[in-house]
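Engineer: structure for this input, please:
(2 chains)
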Amino acid sequence: MSVRVRFAPSPTGYLHIGGARTALFNWLYARHTDGTFVLRVEDTDDARNTREAVDVILDGLRWLGLDWDEGPVSGDAMQQSRGENGPYFQSQRGDIYQRRIQELLDNDLAYDHEGAIKFRMTREPVTIPDLVAGNVVRKLTDREEADPDFVIVRSDGKPVFHLVNVVDDIEMDITHVIRGEDHLSNTSKHIELFKAFGEEPPKFAHIPLILNNDGSKMSKRDTGASMTAYKEGGYLPSAVLNYLSLLGWSPKDDTELMPLTELIKRFDMDGVQRANARFDMAKLDWLNFEHIRSLKQEAFKTQAIAQLQAAGIDTAARDDDYTNAALALCTDKIKNLNDIAGYIGFFFLDAVEIDAEAAEQALTPENRPHLAALREAYAGLAKFNADSLQGALKSTAAALEVKNKFLVMPARVACTGSKVGPSLYHLMELLGEAEVLKRFDAALTAM
RNA sequence: GACCCCUUCGUCUAGUGGUUAGGACACCGGCCUUUCACGCCGGCAGCACGGGUUCGAGUCCCGUAGGGGUCGCCA
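Structural biologist: So this is what the prediction gives:
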């Protein structure tokens, strides 16, 4: 039988990083086994059930590239979904739950209690076979000893999570339940429910949780808890996915940098960790850098132009060769997508914005004669390319009897407005003589 | 309170009875260099603790401590 897994988020209005990782593990397992990835919306709680809240989750998954084979096509529960096992919104599955509840009632496996319906739960310890944790024997807690039965339908008629979750997994032929470890203790309830319905429970795999860097529980308000933080924070989806895959799963050898295709190839349940993992932004940053620089030229260009546009910098006025050359000067140097505009924006700006601190350090009165001399040297150059620019700068520095850096820094700041940036000589070559001299002049008047 | 899971460098991890306990990120030096990076070389740093079992334990067992989770007419 082919693998069928599902990601079943509750529309809380944001996609939690832990939820995203659960989705990723399910998705990877489905793709690895050539199985089916189902997306089901657990919107049984009216209070937080809105179309917008669902869309946030769908958008987050789409951004990551975690496509689903069956499930909603939009956040609108009334809209037709994709797949044969729908509806994929629990709010639309009332009839199915009614039928299953009646089945339990008819078999005396459930009963009315103060207007609600409770399930007759076993008092015996339940063994939970788990692909990650092994066989877990779950005994009753002291409160459960007093009354092991639990509510499956509220007095307002609405079925609760435990019931609908199990019913849906049965109806949707789910073969593997891969979810957060926070559900491990509750799984005894689910297993008994499966048995009550005469069904073989699916395989369970409870994956460890993601904690904050200090080891505390990650909650909604913590930085990095929401997927949008990464989208807006300049991270590539492939980097986020790669990092998330490494939190709680290991390929067993020392490979860490992996594109999605390799993740799919290598992911399996036996590499899943049992201990919770702490989130380390520094490592994500490193992977982000690695993924950015392994981007193909065209893909990088697409990202760069989007970033420049978002920063209000128009690249359309320049010809393609110029833009490509500018981008070529910063590949391998960009660690975060959000740094692109600041790093090469000056190529496309008419008037350079000079960083105050850079100006204070480099565009000083003492450096004015240096920059002025360099301007003279550059104005008389037969060829205006990286080699000639470097040669002229060095000989000018020698003539002035100062170190190169006293010419380099003013020139850099004059041209780019910043102390850091692409290779100076190459950047000036691309800018061209007229533009470089113009920027030198503007800086000289300000010194 | 009860029940369940977990515990190797700061962090993510490799390790399935015999290893100088490996890698990565971060950090600290050095080299390279026109800046910042990259890269290269080197360094710091770990088996939570206590008992067993065994010729031998990071690896197996028990206990303790610590962390996380669950016990709801939330999901």
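
Engineer: report the contact partners of residue A:148.
Structural biologist: Neighbouring residues of residue A:148 by Cβ atoms under 8 Å, 6 or more residues apart in numbering: A:121, A:122, A:123, A:140. From N, CA and C alone the C-beta is placed, and that goes for glycine too.

Engineer: just give the closest residue to it, not the sequence neighbours.
Structural biologist: Once flanking residues are discounted, residue A:148 sits nearest to residue A:121: 4.1 Å by Cβ to Cβ, 6 or more residues apart in numbering.

Engineer: hey, which helix is longest across chain A?
Structural biologist: Of all segments of type helix in chain A, defined using DSSP state H, the longest is helix A:17-33.

Engineer: that helix and RNA strand B, any residue contact?
Structural biologist: No: Helix A:17-33 stays clear of RNA strand B (Cβ under 7 Å from any atom of the strand), getting no nearer than 9.8 Å.

Engineer: summarise which helices and strands that helix is packed against.
Structural biologist: If you count contacts as 3 or more Cβ pairs under 8 Å, 6 or more residues apart in numbering; DSSP states H and E, helix A:17-33 packs onto strand A:4-7, strand A:36-39, helix A:51-64, strand A:176-180, strand A:203-207, strand A:210-211, helix A:237-246, helix A:260-266.

Engineer: right, and those - which one's nearest residue A:117?
Structural biologist: For the helices and strands packed on helix A:17-33, proximity to residue A:117 was assessed by Cβ to Cβ; strand A:176-180 is nearest, at 23.6 Å.

Engineer: ok, the closest one near RNA strand B or not?
Structural biologist: No: figure legend: strand A:176-180 not in contact with RNA strand B (Cβ under 7 Å from any atom of the strand); closest approach 7.8 Å.

Engineer: need the residues that contact that strand.
Structural biologist: With Cβ under 8 Å, 6+ apart as the criterion, strand A:176-180 contacts A:3-6, A:8, A:18, A:22, A:25-26, A:29, A:131, A:169, A:202-207, A:209, A:269.

Engineer: need the helices for the stretch 301-447 of chain A, in chain order.
Structural biologist: All helices of the stretch 301-447 of chain A, identified by DSSP state H, counting those that start in this stretch, fall at A:320-328, A:340-344, A:356-362, A:368-379, A:386-400, A:405-416, A:424-431, A:433-446.

Engineer: list the contacts of residue A:127.
Structural biologist: Residue A:127 neighbours (Cβ under 8 Å, 6+ apart): A:135, A:136, A:137, A:138.

Engineer: doesn't residue A:36 make contact with residue A:85?
Structural biologist: No: the pair residue A:85 / residue A:36 is not scored as a contact, 9.4 Å apart, by Cβ atoms under 8 Å.

Engineer: in chain A, where is pLDDT below threshold?
Structural biologist: A:45-48 (pLDDT under 70).

Engineer: and the residue nearest to residue A:148, how far from RNA strand B?
Structural biologist: Per Cβ to the nearest atom of the strand, to the nearest Å, residue A:121 is found 10 Å from RNA strand B.

Engineer: was I right about that residue contacting residue A:151?
Structural biologist: No: Residue A:121 is not in contact with residue A:151 according to Cβ under 8 Å; the separation is 10.8 Å.

Engineer: most neighbours among the contacts of residue A:148, please name it.
Structural biologist: Each of the contacts of residue A:148 was scored by neighbours using other Cβ atoms under 10 Å; the highest score is residue A:121's, at 19 neighbours.

Engineer: quick one, phi/psi of that residue?
Structural biologist: Per-residue torsions, residue A:121: phi -90, psi 140 (degrees, to the nearest 10).

Engineer: around RNA strand B, pick out the residues from the stretch 251-400 of chain A.
Structural biologist: Counting by Cβ under 7 Å from any atom of the strand, the stretch 251-400 of chain A sits next to RNA strand B at A:252-254, A:256, A:271, A:273-278, A:280, A:282-283, A:285-286, A:332-333, A:335, A:386, A:390.
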